[in-house]
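# model this:
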Amino acid sequence: MKKFLCLLTSVILSCSLTFSCFAYTPDTPKTVSNEYTQNGYIYEITTTEYNHSFYKDQTKTVSRTATYKTPAGNPLWSMTLIATFKYNGSSSSCTSSKVETKVYHSAWKITSKNSSHSKNVATAKVVAKLFKGSTVSQTKTKTLTLTCSKTGVIS
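Numbering: from 1, shown residues only. A predicted model of the protein is given here:
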């Protein structure tokens with residue numbers, strides 16, 4: 001019985017260590033930049049990279065978020081483009097992309113969102129509208145793009 005418990009404990013520890021090395025964590029710290037609009041509002045752009053080094057080709061998942069904020073820094077809505085890229089030093093390709101949105105202020109509505117990818121580029125486009133009652137008082141269209149070089153550099 002003692003041997004069985006030792007064996008079972010060994011198997012459980014081995015499995016937990018094996019699976020934890022397949023989990024991915026951000027390898028590159030978030031990079032943040034601001035784009036200012038004419039009315040003083042801000043698009044805060046955040047990019048985070050996740051590497052998956054256990055594949056034969058290098059694989060990287062990248063998220064880029066644009067958060068539309070008031071001049072005081074209060075978030076109104078955001079969009080996040082999430083894309084996965086493969087690269088090997090001689091070529092790169094985007095294998096998947098999706099867009100997620102979040103609304104922080106009830107007067108704003110996301111009226112359209114789509115994402116696409118081709119070759120080594122992922123793109124997302126979102127249309128957000130500010131409503132005053134049933135009338136649209138402001139429309140914002142934002143496009144985010146991610147490109148992966150053959151060596152895995154994201155731009």
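# List the contacts of V103.
L76, W77, K109, I110, A128 (Cβ atoms under 8 Å, 6 or more residues apart in numbering). The C-beta positions use only the backbone N, C-alpha and C, and glycine is treated the same way.
# List the residues that contact the residue lying closest to the third one once chain neighbours are set aside.
In space, not counting the residues next to it along the chain, K109 is nearest to K129; the distance is 5.4 Å by Cβ to Cβ, 6 or more residues apart in numbering. Under the criterion of Cβ under 8 Å, 6+ apart, the contact partners of K129 comprise W108, K109, T111, V136, Q138, T139, K140.
# Per-residue pLDDT of K129, please?
If you check K129, the pLDDT there is 98.
# Now the residue nearest to the spatial centre of the chain: which helix or strand?
In the chain, the residue lying closest to the centroid (Cα atoms, centre = their mean) is S63, at 1.9 Å. Assigned by DSSP states H and E, S63 falls within strand 58-69.
# Tell me how far the residue nearest to the centre of the chain lies from N120.
To N120, S63 is 17 Å away according to Cβ to Cβ, to the nearest Å.
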